[in-house]
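Novice: have a look; sequence and predicted model below, questions after that.
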Amino acid sequence: MTKIQVEDKTISIVQHNEQDYICLTDMLKAKDGNFFITDWLRNRNTLEFLSVWEKMNNPNFNYGEFAIIRNQSGLNSFKVSVKEWTEKNE
C-alpha cells in the first residue's frame, strides 16, 4: 500500500491486478466524511452498485447477508457502516 499527502491529509493507494485504487474513505475522513459515508451507504442504489462490484470482484461475496441488508435498506431505521458491510460480505 502506498500513501500520499494531499493538503496535509494522508490518502492510501492500493494496487490490485496492476490497477491503482484511491481510498475514498481516507479522502472523506479528511472532510468529516464518516457522516457522508454512512449516509451514502443507507441508499438502496448505492448498495445495489456495491453488490454488483462485489459479485464481479469478490469470490467470497456473501449473497445471504447482502439480501438481509438490501431488504432493510430504505427503512428510516436502516444504517450500515463500512466495517459492518465488510464483515458481513466477506
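Specialist: Done, it's in.
Novice: from residue 30, how far out is residue 36?
Specialist: 11 Å (C-beta to C-beta, to the nearest Å). From N, CA and C alone the C-beta is placed, and that goes for glycine too.
Novice: how many residues are close by residue 41?
Specialist: Summarising burial for residue 41: neighbours were counted as other C-beta atoms under 10 Å, giving 19.
Novice: residue contacts, it?
Specialist: For residue 41, the residues meeting the contact criterion (C-beta atoms under 8 Å, 6 or more residues apart in numbering) are 47, 79-82, 85.
Novice: ok, it to residue 73 distance?
Specialist: Here the distance between residue 41 and residue 73 works out to 9 Å (C-beta to C-beta).
Novice: what of residue 16?
Specialist: Relative to residue 73, residue 16 is positioned 27 Å away (criterion: C-beta to C-beta).
Novice: comparing these two, which shows the higher neighbour count?
Specialist: Counted by other C-beta under 10 Å, residue 16 and residue 73 do not tie: residue 73 has more neighbours, with 18 against 8.
Novice: for the closest residue to that one other than its chain neighbours, grab phi and psi.
Specialist: Nearest residue to residue 73, sequence neighbours excluded (C-beta to C-beta, 6 or more residues apart in numbering): residue 44, at 4.4 Å. Per-residue torsions, residue 44: phi -60, psi -40 (degrees, to the nearest 10).
Novice: again with the one 10 residues further on
Specialist: Its backbone dihedrals place residue 54 at phi -60, psi -40, with angles given as degrees, to the nearest 10.
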